[in-house]
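Visitor: Take this sequence and fold it.
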Amino acid sequence: MADSSSSTIEPLSDGKQPPSSFKQPLNDNNTSNYLIQVSDTLPSHHEIQQFLTASNCGAISTFTGITRDNFAGKKVTALSYEGYTPMAIKELTNLCCDAHVKYPNVARMVAVHILGDCPVGEASVVVGSSSPHRREAIACTEYLIDELKGRVPIWKKEIYEGDEESVWKENVEWKDGRRRRVMVREES
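Guide: Have a look, this model is predicted:
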């Protein structure tokens, strides 16, 4: 057994300031590195890529959610989204701030969502991030979409062919300590 009296543990800092390896996240007032939008249109792919591009970053990761034409054997014709825009923008801003604390090397982030109708094949949500290296950009982008679906007050109605059984769907939420998707049939 080694003699513990001969080894010492050096503090990471003097306790008055963070260690030199600590990366300071963006402060709450500096949201210019976030592209946040909730509206009836989304920025173009080119606009998103241009925003995320930073000279100190070698990686851009994006996720685009697109309306698919089916769910559980039913033919989907469109999705329709509703939300309270000021609250959704505030929560998207909080989400980006939280992501920057978790992923401090990320330089820029995008979190944009459509409100209104979204036909099959069209994008309804785009999230993304840029960082010096790919792993942090990819992890941050995954975090953004997962948290967006759980936190941001935007609701989705799936419209089926014939519109007989269209349903409002809640995004993934925490219930009883587990993530689960909740579906409720709309009453006519």
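
Visitor: mind checking how far the closest residue to residue 65 other than its chain neighbours is from residue 73?
Guide: Among residues not flanking residue 65 along the chain, residue 125 sits closest, at 4.1 Å (Cβ to Cβ, 6 or more residues apart in numbering). Yep, even glycine has a C-beta here, placed from its N, CA and C like the rest. As judged by Cβ to Cβ, to the nearest Å, residue 125 and residue 73 stand 24 Å apart.

Visitor: what pairs with the residue nearest to residue 65 across the strands?
Guide: On the basis of DSSP bridges, residue 125 is bridged to residue 65, residue 113.

Visitor: how about the helices in the protein?
Guide: Assigned by DSSP state H, the chain shows helices spanning 45-52, 85-102, 134-151.

Visitor: For residue 38, which of those is the nearest?
Guide: Counting by Cβ to Cβ, residue 38 lies closest to helix 85-102 out of these; the figure is 4.6 Å.

Visitor: what does that closest one rub up against?
Guide: 25-26, 28, 31, 33-34, 36-39, 106, 109, 111, 113, 115, 129, 140, 143-144, 147-148, 151-154 (Cβ atoms under 8 Å, 6 or more residues apart in numbering).

Visitor: just stretch 37-50 next, same as before
Guide: With Cβ under 8 Å, 6+ apart, stretch 37-50 has contacts from 35, 51, 60, 62, 64, 83, 85, 88-89, 92, 110, 112-116, 123-124, 126, 128, 154.

Visitor: residues contacting the spatially most central residue of the chain?
Guide: Centrality entry for the chain: nearest residue to the mean C-alpha point is residue 144, 2.3 Å, by Cα atoms, centre = their mean. Contacts here follow Cβ under 8 Å, 6+ apart; on that basis residue 144 touches 63, 95-96, 99, 109, 111, 127-129.

Visitor: Same question for residue 124.
Guide: By Cβ under 8 Å, 6+ apart, residue 124 lies in contact with 42, 65-67, 79, 81, 113-114, 118.

Visitor: Can you add distance to residue 133 and give these back as CSV?
Guide: CSV is the format used below for the contacts of residue 124 (distance: Cβ to Cβ, whole Å):
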residue, distance to residue 133
42, 27
65, 25
66, 27
67, 32
79, 34
81, 34
113, 27
114, 31
118, 33
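
Visitor: Just the closest of those to residue 165, please.
Guide: Using Cβ to Cβ, the contacts of residue 124 come closest to residue 165 at residue 79, 14.5 Å.

Visitor: List the beta-bridge partners for the nearest residue to residue 119 once chain neighbours are set aside.
Guide: Spatial nearest neighbour of residue 119, chain neighbours left out: residue 78 (5.0 Å); criterion: Cβ to Cβ, 6+ apart. With DSSP bridges as the criterion, residue 78 is bridged to residue 119, residue 159.
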